[in-house]
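Undergrad: 3D, please:
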Amino acid sequence: MSDDNVPRRPELVCPAGTPASLRTAVDAGADAVYCGLQNETNARNFPGLNFSPAELQKSVAYAHARGAKVLLAVNTFPPAGKFQLWKDAIDVAVSCAVDAIIVADMGVAAYASRNFPQLRLHLSVQAGASSPEAIRFHCEEFGVRRVVLPRILTVAEIADIHRQIPCEIEAFVFGNIGMMAEGRCSLTNYVTGISTNMDGVCSPAADVRFEEEADGALTSRLGPFVIDRYACGESGGYPTICKGRYSCSAHAEPYYAFEEPRSLNLSALLPDLMRAGVTALKIEGRQRSRAYVKEVVGAFRRAVDDIMAGREAALANLIALTEGHKETQGAFRSKSWR
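TA: Below you'll find the predicted structure:
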């Protein structure tokens, strides 16, 4: 960056779980939209989500006609003996003319870079690359053009990394903030046998149950485990182990043992992130509704435009769209998640 006081316009990268959500994101002002195929090659492999090859091809045409890019997430880790599915996903990406693929596994990155050197590679947050040395390795070995940084770094640390790497930086600014090492969660695998970073799904729907109790309370279960119990009239969330309430010998009353349900919201830190060298701002939420996509994308589009025009950003109140109606700046400000 030639002048720390004059940040370049960042790319607004927005989620799309379905073709309809992709169109909504593009129409709301997304510069780029990221999505996945209907299999375990992406980290949001939920029933009813994602794209068939035909849908992807039509969606790419829709986005390109309106000046937006499409990034395909191929960002899970292939189990032994199943690598062909990931190769096929790369082949589909190329045939559909996506603008970049988001990869985590080094074998997938190697296949893409050797067979399709013209294909732009972005390093997924799933790769967990949080040091200049790790990022440079992926740039030198596989030609990675952008890194999506883990949500464990302060703005100052991002600025320091920016000065030492040859590629672009993408950072999450809104949505889920996990407590695990970016998708490498063993909790759901222990309970269900399904891995977030290999099967692409956390808390698979087939293992989720809600049971109404005699007193009107609602109990949520994942596999054989009770994740939470909601009083009559209390809002209940989708059961994930890390955001459940538990009791133990040290805590008679149920409490959030791992992480409180809350969302990352860095809207107030946008100028700081841009000055730190972040060239792409990422919104999480491929599993969320079109209404969520429209509201959040529109709010960040207006905020970025205001900042670039030298105006004070009119930050929308997005608390209603946050998890648990709570928000945090996570590690970005002070390494404190609460």
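
Undergrad: residue 34 bridge partners, please.
TA: residue 15, residue 71 (DSSP bridges).

Undergrad: which residues touch it?
TA: Residues near residue 34 by CB atoms under 8 Å, 6 or more residues apart in numbering: 13, 14, 15, 16, 70, 71, 72, 73, 102, 282, 286. C-beta coordinates here come from the backbone N, C-alpha and C atoms, glycine included.

Undergrad: any idea of the pLDDT on it?
TA: If you check residue 34, the pLDDT there is 98.

Undergrad: also residue 175?
TA: 91.

Undergrad: what helix or strand is it on?
TA: Assessed by DSSP states H and E, residue 175 sits inside strand 168-176.

Undergrad: that older thread, between the contacts of residue 34, identify the one with the most neighbours.
TA: Most neighbours among these, by other CB atoms under 10 Å: residue 14, with 31 neighbours.

Undergrad: would you mind measuring from that residue to residue 295?
TA: Distance, residue 14 to residue 295, by CB to CB, to the nearest Å: 12 Å.

Undergrad: check the secondary structure at residue 333 for me.
TA: helix (DSSP: H, G, I helix; E, B strand; the rest coil).

Undergrad: pull the contacting residues for it.
TA: The contact partners of residue 333, by CB under 8 Å, 6+ apart, come to 154, 155, 269.

Undergrad: any quick PyMOL command for the buried ones out of those?
TA: Buried residues among the contacts of residue 333 (16 or more other CB atoms under 10 Å), as a PyMOL selection:
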select buried, resi 154+155+269
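
Undergrad: which one of the contacts of residue 333 is nearest residue 324?
TA: residue 269 (20.5 Å; CB to CB).

Undergrad: what's the pLDDT at the closest one?
TA: 95.

Undergrad: tell me the domain boundaries of the protein?
TA: What automatic domain parsing lists as the domains of the chain is 11-177+262-334, 187-256.

Undergrad: what's around the nearest residue to residue 251 once chain neighbours are set aside, how many residues?
TA: Residue nearest to residue 251 in three dimensions, not counting chain neighbours: residue 257, with 7.9 Å by CB to CB, 6 or more residues apart in numbering. Residue 257 has 15 neighbours, counted by other CB under 10 Å.

Undergrad: residue 246 versus residue 257, what's the distance?
TA: 5 Å.

Undergrad: pLDDT score for residue 257?
TA: In this model, residue 257 is scored at 83, pLDDT.

Undergrad: helix/strand/coil for residue 22?
TA: On the basis of three-state DSSP, residue 22 is classed as helix.

Undergrad: so it touches residue 63, yeah?
TA: Yes. Contact criterion CB atoms under 8 Å: residue 22 and residue 63 qualify, at 6.8 Å.

Undergrad: strands along the stretch 1-150 of the chain, start to end?
TA: 11-15, 32-35, 69-74, 100-103, 121-123, 146-148 (DSSP state E, counting those that start in this stretch).

Undergrad: now the helix or strand just after the last one: buried residues?
TA: Scanning forward in sequence from strand 146-148 by DSSP H and E, the next helix or strand is helix 155-162. The neighbour-count check on helix 155-162 (16+ other CB under 10 Å) flags 155, 157, 158, 159, 161, 162 as buried.

Undergrad: run the chain-centre distance for helix 155-162.
TA: Computed by CA atoms, centre = their mean, to the nearest Å, the chain-centroid distance of helix 155-162 equals 20 Å.

Undergrad: quick one: contacts of that helix?
TA: Here helix 155-162 makes contact (CB under 8 Å, 6+ apart) with 1, 130-132, 135, 149, 153, 169, 171, 269, 272-273, 275-278, 332-333.

Undergrad: what are the C-alpha coordinates of that helix, in CSV please?
TA: C-alpha atoms of helix 155-162 as CSV (Å, rounded to 0.1, in the frame of the first residue of the first chain):
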residue,chain,number,x,y,z
VAL,A,155,-5.8,-5.7,13.2
ALA,A,156,-2.2,-4.8,14.1
GLU,A,157,-1.1,-8.4,13.4
ILE,A,158,-2.9,-8.3,10.0
ALA,A,159,-1.0,-5.1,9.1
ASP,A,160,2.3,-6.8,10.0
ILE,A,161,1.4,-9.9,7.9
HIS,A,162,0.4,-7.6,5.0
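
Undergrad: avg pLDDT for it?
TA: Mean pLDDT, helix 155-162: 97.

Undergrad: got the angle between it and strand 168-176?
TA: 150 degrees (axes from the mean of the first three to the mean of the last three CA atoms, to 10 degrees).

Undergrad: when you give positions from now on, start the count at 435
TA: All set: I'll call the first residue 435, so the last point we hit is now helix 589-596.

Undergrad: tell me where the stretch 435-584 of the chain is predicted with low confidence.
TA: In the predicted model, the stretch 435-584 of the chain carries pLDDT under 70 at residues 435-440.
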